[in-house]
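**Student:** build the 3D model from these lines:
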Amino acid sequence: MNKAVIFDLGRVLVDVNLDKTFADMARLTGLAVADLWQRWQTVGEAFGLGELSGRGLYELLREQTKMTASFAEFTAVFNNTQQRNETGLHYAIQLTKSPDVKVGIISNTNEIHAGWLRANIPEFAQFDSVILSNEVGLLKPDVAIYQLSLTRLKISADKAIFVDDLEENIVGAENIGMTGLLHTDWQITTSFIERWFDN
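**Tutor:** The predicted structure is shown next:
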């Protein structure tokens with residue numbers, strides 16, 4: 001019987017240090033980190049939903065701060081801490097080789113990060129479904145984004161497990177009947193998934 005494993009990206013299949021990114025962005029804009037974070041609170045959701053483009057965010061910060069960097073320099077800094085988690089990606093790809101397992105992605109992201117992801121994670125082509133929030137206009141933990149994934153994977157919630165590093169996103173998946181797994185360590189995560197397959 002088919003089952004599906006659906007992964008988050010940030011701090012699961014992709015390593016990222018948001019504290020460093022915000023510190024670097026603060027230096028780029030001439031803002032204190034706390035001030036940058038406060039501004040982010042007003043635009044972050046729209047950016048994640050795809051309502052605000054990468055260029056739109058750049059122009060907004062250029063207008064409101066002392067930033068003089070080019071758009072290319074801005075995107076380089078915005079992406080500077082993202083890197084592939086080879087352990088996680090290897091495991092996910094191994095799962096795609098099983099005819100009884102479907103593999104999906106659900107990530108809260110944005111146009112700038114999505115560009116980096118699609119350029120640096122060619123494994124996307126091997127997954128059965130890749131959902132990036134800015135491309136579908138939905139954000140976790142909205143149940144609609146999990147339902148969209150299940151629809152694309154053609155699988156019921158009780159046959160799917162969702163792996164994320166944030167508790168609120170796990171709860172969102174569990175609210176529609178999926179098994180949720182809070183990721184902290186790949187050895188723990190893989191062991192849990194393998195046991196789940198046997199149930």
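
**Student:** quick one: strands adjacent to the biggest strand by length in the chain?
**Tutor:** When the chain is parsed with DSSP state E, its longest strand is strand 101-107. The pairing partners recorded for strand 101-107 under DSSP bridges are strand 3-7 (parallel), strand 129-132 (parallel).

**Student:** any idea which of the ones you listed gets closest to R62?
**Tutor:** Nearest to R62, of all these, is strand 129-132, at 25.2 Å by C-beta to C-beta. (C-beta placed from N, C-alpha, C; glycine too.)

**Student:** touching, F47 and N134? I think so.
**Tutor:** Yes: F47 lies in contact with N134 (C-beta atoms under 8 Å); the separation is 7.3 Å.

**Student:** what residues are shared contacts of these two?
**Tutor:** 110-111 (C-beta atoms under 8 Å, 6 or more residues apart in numbering).

**Student:** list the helices and strands the lengthiest helix in the chain packs on?
**Tutor:** Ranked by residue count, the top helix of the chain under DSSP state H comes out as helix 33-48. Helix 33-48 sits against helix 18-29, helix 54-64, helix 133-136, with contacts defined as 3 or more C-beta pairs under 8 Å, 6 or more residues apart in numbering; DSSP states H and E.

**Student:** how about low-confidence regions in the protein?
**Tutor:** Residues of the chain meeting the criterion pLDDT under 70: 1.

**Student:** next, count neighbours for T29.
**Tutor:** Look at T29: counted by other C-beta atoms under 10 Å, it has 21 neighbours.

**Student:** check the one 3 residues further on too.
**Tutor:** Using other C-beta under 10 Å as the criterion, A32 is surrounded by 10 other residues.

**Student:** picking that back up, out of the helices and strands packed on helix 33-48, deepest packed?
**Tutor:** Comparing the helices and strands packed on helix 33-48 by mean neighbour count (mean count of other C-beta atoms under 10 Å), helix 133-136 ranks first with a mean of 19.

**Student:** related to what we said a few turns ago, closest to W186 out of the strands paired with strand 101-107?
**Tutor:** W186 lies closest, by C-beta to C-beta, to one member of the strands paired with strand 101-107: strand 3-7, at 11.3 Å.

**Student:** so how far is that closest one off the chain centroid?
**Tutor:** 15 Å (C-alpha atoms, centre = their mean, to the nearest Å).

**Student:** number of nearby residues for R118?
**Tutor:** So R118, with other C-beta under 10 Å, has 14 neighbours.

**Student:** isn't it up against A125?
**Tutor:** No: judged on C-beta under 8 Å, R118 makes no contact with A125 at a distance of 9.9 Å.

**Student:** can you name the element that comes right after the longest strand of the chain?
**Tutor:** Note on strand 101-107: by DSSP states H and E, the next helix or strand toward the C-terminus is helix 111-120.
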